[in-house]
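Student: Provided below for reference: sequence and predicted model.
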Amino acid sequence: MAINELELQKEKKILAKVGKLVEETLNSLGFDVNKEEAELIEFKKMMWENASSFDDGEESQVMLATSEEENKALMKRNYFKKLCQIKKRPYFASIVFKDEDGEILNIYMSLTYLKDKDSNNILYDWRSPICSLFYDYETGPCEYKAPGGVFQGELKRKRQYKIEDNELIGVFDNSLNIDDEVLQEVLAQESNEKMKNVVNTIQQEQNKVIRNLDDNNLIVQGIAGSGKTTVALHRIAFLLYRLENLTSNNILIFSPNNIFTEYISEVLPSLGEANTLQTTFNDYLSSFLTEYKDVENFTDFVARYYSYQEEYPELVKYKQSDEILLDLDDFINEYIEAASFTNSFVENEVNKVNKDELNKLLHDKYDRLPLFERVEEIADKLSSSFYKGSSKKKKTFLKLLKENANFEKDYKDIYKKFWLSEYAEITLPEKTIDAFINKDIINYEDALIIAYIKGKLEGFLYEGTIKQVVIDEAQDYNRLQYIIICNIFKKADFTILGDINQNINPYYSYNSLEDLKNVFKGETKYLELLKTYRSSPEIINYTNKILNLQHVNAIRKDNNKPVVIRKNLDSLKDSLITDIKTLQNSYKSTAIITKDKKEAQKIYDLIKDSVEISLVDVDTEKFKKELVIIPAYTAKGLEFDSVIIYNDRDNSYRNNERNLLYVACTRSQHELYIYN
């Protein structure tokens, strides 16, 4: 609801006052930052020139002082950058809050804070506790939780602003109602190259995920278009603001692929925070499994199934199952129990090493360690015992231990032994086993199992500096992967986001992501996001029918654009070109989404000479969204203004491939065409 003229004039005066204060603060801060950095450079230069005259204690004190000064300078520099970000748009919302004592607080919300010369708060960071009222309540009784306790009162007003170049374009008083003017304006906008922050339109159910500090781990089930990824990134920004000693380098995001990583790369910087560390699970496998030249990526793994190139689907299903976890554990336990040193030996013609003593060390003293770490410890102990505490002979003893053991660190051979053992539920010819083990590029499903065996026998690549892990597209990870991840990041808390309806792993699925609760340590909460902000009601109604869904709540207003079905075409090329040009006249981004990579290449070759189009696959990192062609399993997490779904008559989506079709169709915001 627009405000009256008197209120509008008041708001314009406030904006002018705040804009002036931002400018003054920037000028003052910029001078301080430059001065302090120059002084710091001089101080470091002095330190270097006089380093030889300091004793150890003095050097330690000077280093500590330098570090503290550097941190102060860095904080000032970062705040300066944030003020630069808000210079043309200082705030986006305000609330009027009456506390229990009757005091009225007028809170203006921004991407960062701003104080006047008397240290009074002029702008509040959107992540501050009191600002949660804007997202969580309609006008009326309310409360917010802060470090000092729970504060109650009354929310008298909620107001949103549209500001451009420090000019007030629009002001709206609104409730939490989902069809408020600002939200609908944002939803009506066309899709961009990169995902944006939505700090001015965060909804109540999203805010519960973003601001949760009570639980160690969050598992979030969110339907297509519910803003899972956006929520995850805003949660990261919130945690960086609220958790002491947490930096961007302590946070790791697992992305589905490099395309997605690039797509989300501007959200955190737009919120005034540095990008976190990012990886894919495939990157971890490639670095851990040094026995292989490379590891097949997840996209190529599922592509084998959807393009019908997988010769043994039932075998792959077993390799992906929870059942194989139990079988692997039984096999590994027996392998460790059977491990022994079979011979005593003499080192350097003098030092006798008894096999019984070695086996006692192996199975008793060092039994808390993974098997091959035990061997390392034994070698270290022998070197220390025979050479007066020195470890210089450790390599010699390691060699002797390996020569006299009935086990060796050959994971290809150990994996083969599993398939030849009684623990494997599927019996395979040795030739078949060798075929999938002895490859330069190991299959994805085998890589997971070998990584698990290797981790259990020699330890996982522990990452102690990571305090927060975010996993997107969580439904595509099987239980084995989560166990591996929890072993790598033992001290981390987790935010897991996914949608079981968008599972494209044909060999593994969850009844509910809540099934993962017992995988993680600490308090774990399961939350759901049940509103979709991406697609029009017409598209939502169509995609609901694919999976027989009823619960999807579309927020975007009707655009009266029905889903268009194309069949029995005289000319595929002419029809595609016509539809592409029609959509491009109305929208900024259009995607042709095919069932697989082969179809994508076919359509690309068909129309590339007639339109400017980009062919996108899993290895693509940067691309322009104006017009792309992309396989469905690569398009996950992305969104476009309009989408054309194409699948060949001889390669149509089968009944057990409905999830993949659902993923493809739910990428569209405004218009959807189906070529079938």
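Tutor: Done, it's in.
Student: which residues of the stretch 451-600 of the chain score low on pLDDT?
Tutor: 551-559 (pLDDT under 70).
Student: mind naming the longest strand for this protein?
Tutor: strand 149-164 (DSSP state E).
Student: helices and strands around it, which ones?
Tutor: helix 5-50, strand 93-99, strand 140-146, strand 167-173, helix 181-188 (3 or more C-beta pairs under 8 Å, 6 or more residues apart in numbering; DSSP states H and E). From N, CA and C alone the C-beta is placed, and that goes for glycine too.
Student: lowest mean pLDDT across those, which one is that?
Tutor: Lowest mean pLDDT within the helices and strands packed on strand 149-164: helix 181-188, at a mean of 53.
Student: residues touching residue 628, list them.
Tutor: Applying C-beta atoms under 8 Å, 6 or more residues apart in numbering, one finds that residue 628 lies in contact with 589-592, 613-616, 640.
Student: go again with 7 Å.
Tutor: 591, 613-614, 616 (C-beta atoms under 7 Å, 6 or more residues apart in numbering).
Student: between those residues, which is closest to residue 460?
Tutor: Residue 460 lies nearest to residue 616 out of these, by C-beta to C-beta, at 33.1 Å.
Student: excluding sequence neighbours, find me the nearest residue to the closest one.
Tutor: residue 630 (4.2 Å; C-beta to C-beta, 6 or more residues apart in numbering).
Student: I'd guess that neighbour is in a strand, am I close?
Tutor: Yes - counting by DSSP: H, G, I helix; E, B strand; the rest coil, residue 630 falls inside a strand.
Student: how many other residues sit next to it?
Tutor: Residue 630 has 27 neighbours, counted by other C-beta atoms under 10 Å.
Student: same question, residue 607
Tutor: 18.
Student: hmm, it is touching residue 601, no?
Tutor: No - Residue 607 sits out of contact with residue 601 when judged by C-beta atoms under 7 Å, with a separation of 11.8 Å.
Student: please, where are all the helices along the stretch 251-400 of the chain?
Tutor: 258-263, 267-270, 281-288, 298-306, 313-320, 323-338, 355-360, 371-386, 394-403 (DSSP state H, counting those that start in this stretch).
Student: show me the contacts for the spatially most central residue of the chain.
Tutor: Nearest to the mean C-alpha position of the chain, by C-alpha atoms, centre = their mean, lies residue 253 at 3.5 Å. Contact partners of residue 253, counting by C-beta under 7 Å, 6+ apart, are 276, 278, 470, 472.
Student: which of these lies closest to residue 284?
Tutor: So of these, ranked by how close each gets to residue 284 (C-beta to C-beta), first place is residue 278, at 12.0 Å.
Student: if we can go back for a sec, from residue 73, how far out is the residue nearest to residue 616?
Tutor: According to C-beta to C-beta, to the nearest Å, residue 630 stands 45 Å off from residue 73.
Student: quick one, strands of the stretch 501-650 of the chain?
Tutor: In the stretch 501-650 of the chain, the strands defined using DSSP state E, counting those that start in this stretch lie at 524-529, 531-532, 553-554, 564-566, 590-594, 614-615, 627-631, 640-646.
Student: can you list the ones you listed in TSV and add distance to residue 203?
Tutor: Converted to TSV, these look like this (distance: least, C-beta to C-beta, whole Å):
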stretch	distance to residue 203
strand 524-529	9
strand 531-532	7
strand 553-554	11
strand 564-566	30
strand 590-594	26
strand 614-615	33
strand 627-631	29
strand 640-646	22
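Student: need the winner for burial among those strands.
Tutor: Stretch with highest mean neighbour count among the strands of the stretch 501-650 of the chain: strand 590-594 (a mean of 27; mean count of other C-beta atoms under 10 Å).
Student: what lies in contact with that one?
Tutor: Residues contacting strand 590-594 (C-beta under 7 Å, 6+ apart): 580, 583-584, 600, 603, 627-632, 635, 640-647, 664, 667.
Student: just the angle between that strand and strand 640-646, please?
Tutor: Interaxial angle of strand 590-594 relative to strand 640-646 (axes from the mean of the first three to the mean of the last three C-alpha atoms, to 10 degrees): 30 degrees.
Student: partner strands of strand 590-594 and their direction?
Tutor: If you go by DSSP bridges, strand 590-594 pairs up with strand 627-631 (parallel), strand 640-646 (parallel).
Student: any chance of the ones you listed in CSV, with distance to residue 158 and mean pLDDT too?
Tutor: Output for the strands paired with strand 590-594, formatted as CSV (distance: least, C-beta to C-beta, whole Å; pLDDT from 0 to 100):
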stretch, distance to residue 158, mean pLDDT
strand 627-631, 39, 95
strand 640-646, 30, 95
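Student: go through those and name the closest to residue 235.
Tutor: Short answer: strand 640-646, nearest of the strands paired with strand 590-594 by C-beta to C-beta, at 25.0 Å.
Student: I'd like the distance between residue 515 and residue 308.
Tutor: 30 Å.
Student: what's the answer for residue 572, then?
Tutor: 22 Å.
Student: and the two? Which one has more around it.
Tutor: More crowded of residue 572 and residue 308, by other C-beta under 10 Å: residue 572, with 16 against 11.
Student: what's the closest non-adjacent residue to the more buried one?
Tutor: residue 606 (7.0 Å).
Student: what's the burial count for the one you found?
Tutor: 14.
Student: so what's the residue nearest to residue 616 up against?
Tutor: Counted by C-beta under 7 Å, 6+ apart, residue 630 has contacts 591, 593, 600, 616.
Student: adding distance to residue 168, write those residues out as TSV.
Tutor: Output for the contacts of residue 630, formatted as TSV (distance: C-beta to C-beta, whole Å):
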residue	distance to residue 168
591	37
593	41
600	47
616	40
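Student: show me which of the residues you listed is closest to residue 381.
Tutor: Using C-beta to C-beta, these come closest to residue 381 at residue 616, 55.1 Å.
Student: let me know the pLDDT of the closest one.
Tutor: For residue 616, pLDDT reads 89.
Student: ok, it to residue 638 distance?
Tutor: 9 Å.
Student: also residue 403?
Tutor: Distance from residue 403 to residue 638, by C-beta to C-beta: 55 Å.
Student: partner residues bridging the residue nearest to residue 616?
Tutor: Bridge pairing for residue 630 - DSSP bridges - gives residue 593.
Student: look up how far residue 523 lies from it.
Tutor: 39 Å.
Student: do the same with residue 230
Tutor: Residue 230 is 24 Å from residue 523, by C-beta to C-beta.
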